[in-house]
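Q: sequence plus the predicted model coming up.
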Amino acid sequence: MVETSVTEVQASPIRVLHLIDGLSWGGSQRWVWDIVRLSDPDRFRHHIVTVYPDSGDFVYAERLEAAGVYRNVVESSSLRLLRKAILHRLIRYQFISLRKVLSLAWLIGCHGSMLKRLSEAVYQFKPHVIHVHMFYGLTVGILVKWFINKPLIHSVPCLFSQMDDAGFAWMPGLYRRFHSKVDCFFTGASLEDLRAVGVPISKTVEIQGVVDLSAIAAVLRERDQHYREARRSLALNRDATIVLSVGRLHPSKGHLYALEAIPGLLKYFQDLHWVLLGEGDQRPVLELRAKELGIEKHVHLIGFYSDPLPFYAAADVYLRTTIFEAENLCSYQAMAMGLPVVGFDTGCETELLGKVGHGKLVPNKDPITLTKAIEEILLQPDKGRGLGRLGADYCRDHLDIQGAISAFCSMYARLARTKEGATIPD
């Protein structure tokens, strides 16, 4: 067991150990980066351990290494071979039992590598607080708390319906059984889910601010330049209309519904283009469907961008076609950039379109109504810019990320103070 004296806590910054599945391009990974870069380095120090090694998709690894909070571990050759075998089409779709065995072997290998790195981190870093993210990060964090008895914080990665869709249907049961081991749950959309499995309200903190308004302001100052540059890079006409979507290429993001809406729009807006930022397994499906619809010249799948804000600055309308969640980081950024938003009504508690009025809410999974809503916005004299300003004003007043960072840091300080019996200012 690692012990830390009261004097040590008072004299040095609070040390936060982050456990996360990996550092690819998801929202949980972005939160880790934001916490590291925006928290006061004189008061908080961070160290990151990943469950999975880097298989080439750790987009935040380089910047976190440069910040001195992470040491990247590249996937070993044996784990790489296992992963490739698991993803092989023949094994993936025909030899399901073999795939399960190989997946278990790969997971055991990843955890074995992680346990060594985690043991070293606990011994050398001597954390005051453990902050766990995503799925396996939580399971490992619960075990770590059992061994070293430090405060445990968990950032809930998504709605329970999304967990089920992503193959993590066991997570709600983990919350139900082990929520007493977690000192605090941070969540952006899952308050009702957590309450349904018995997590006390007193243990939950709702994440409010998610938008880096300083970064937004910097891009907005160069909006005209970004507007021109995006069209030039995509070989579009200077006055082409851009409808933007941002998110990984996965069925839960509803990109196929956005794609189905484009042909109807081209009847009225012949120089309209759908730009999609993101990467994932659904790329071939989207590319094939665009060809079937005969609209491939109007569809631009341009991959993952670590800084997508210039494309927001260049867009005319933002499509939020997620089928489980409502608002997320990508749609919040669209709001902050002043874009009119068209989104599916998922019935989620975080829905803002009806409250703020910065766009149009349409029935879930309905591309026909989606087409009509986009058309109505683009036919307005200002192309919906007045609607977009409502979203920008709301973000400025309520969604500054500094509020969320302050909440995380205050919780780190409070839990460290409670555990160590030290006087640490909030």
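A: Received the coordinates, thanks.

Q: only C-alpha atoms for contact and neighbour calcs from this point on.
A: Will do.

Q: in the stretch 51-200 of the chain, which spans are helices?
A: 61-66, 77-87, 89-93, 96-125, 136-148, 160-165, 171-178, 191-196 (DSSP state H, counting those that start in this stretch).

Q: for the stretch 251-400 of the chain, what spans make up the helices?
A: Using DSSP H, counting those that start in this stretch, the helices of the stretch 251-400 of the chain run over 255-266, 283-293, 309-314, 329-336, 353-356, 367-378, 385-398.

Q: hang on, the earlier thing: name the stretch among the helices of the stretch 51-200 of the chain that sits most buried.
A: Mean neighbour count, computed with mean count of other CA atoms under 10 Å, is highest for helix 136-148 among those, reaching a mean of 18.

Q: hmm, who's touching it?
A: 1-3, 19-21, 50-51, 130-132, 151-152, 154, 181-182 (CA atoms under 8 Å, 6 or more residues apart in numbering).

Q: which members of those are the farthest-apart pair?
A: Greatest spatial distance in the contacts of helix 136-148: Glu3 and Asp21, 26.1 Å, computed using CA to CA.

Q: compare these two (neighbour count), which wins?
A: Counted by other CA atoms under 10 Å, Glu3 and Asp21 do not tie: Asp21 has more neighbours, with 21 against 13.

Q: wait, the more buried one touches Ile48, no?
A: No. The pair Asp21 / Ile48 is not scored as a contact, 10.5 Å apart, by CA atoms under 8 Å.

Q: how about the helices of the stretch 251-400 of the chain in CSV, adding mean pLDDT and distance to Trp25?
A: Output for these, formatted as CSV (pLDDT from 0 to 100; distance: least, CA to CA, whole Å):
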stretch, mean pLDDT, distance to Trp25
helix 255-266, 97, 17
helix 283-293, 97, 16
helix 309-314, 97, 15
helix 329-336, 95, 12
helix 353-356, 94, 26
helix 367-378, 97, 27
helix 385-398, 96, 23
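
Q: to Arg228, which of those helices lies closest?
A: Closest approach to Arg228 among these (CA to CA): helix 309-314, 7.3 Å.

Q: so how far is that closest one off the chain centroid?
A: Here the centre of mass of C-alpha atoms in helix 309-314, compared against the chain's by CA atoms, centre = their mean, to the nearest Å, lies 18 Å away.

Q: just stretch 266-285 next, same as before
A: Distance, centroid of stretch 266-285 to centroid of chain: 21 Å (CA atoms, centre = their mean).

Q: next: stretch 128-143.
A: With CA atoms, centre = their mean, you get 17 Å for stretch 128-143.

Q: end-to-end on it?
A: In stretch 128-143, first residue to last residue: 16 Å (CA to CA, to the nearest Å).

Q: pLDDT of that stretch, averaged?
A: In this model, stretch 128-143 has a mean pLDDT of 95.

Q: need the helix or strand of the protein with the lowest average pLDDT.
A: helix 6-11 (a mean of 46; mean pLDDT, DSSP states H and E).

Q: okay, the following helix or strand past that helix in PDB with CA atoms only?
A: With elements assigned by DSSP states H and E, the helix or strand that comes after helix 6-11 is strand 14-20. Extracted in PDB, the C-alpha atoms of strand 14-20 (Å, rounded to 0.1, in the frame of the first residue of the first chain):
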ATOM      1  CA  ILE A  14      -2.000  17.100  -5.900                       C
ATOM      2  CA  ARG A  15      -1.000  14.100  -8.000                       C
ATOM      3  CA  VAL A  16      -3.800  12.600 -10.200                       C
ATOM      4  CA  LEU A  17      -3.300   9.300 -11.800                       C
ATOM      5  CA  HIS A  18      -5.500   8.800 -14.900                       C
ATOM      6  CA  LEU A  19      -6.400   5.300 -16.200                       C
ATOM      7  CA  ILE A  20      -7.900   5.100 -19.600                       C
END
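
Q: since that was my last question, I'll sign off now.
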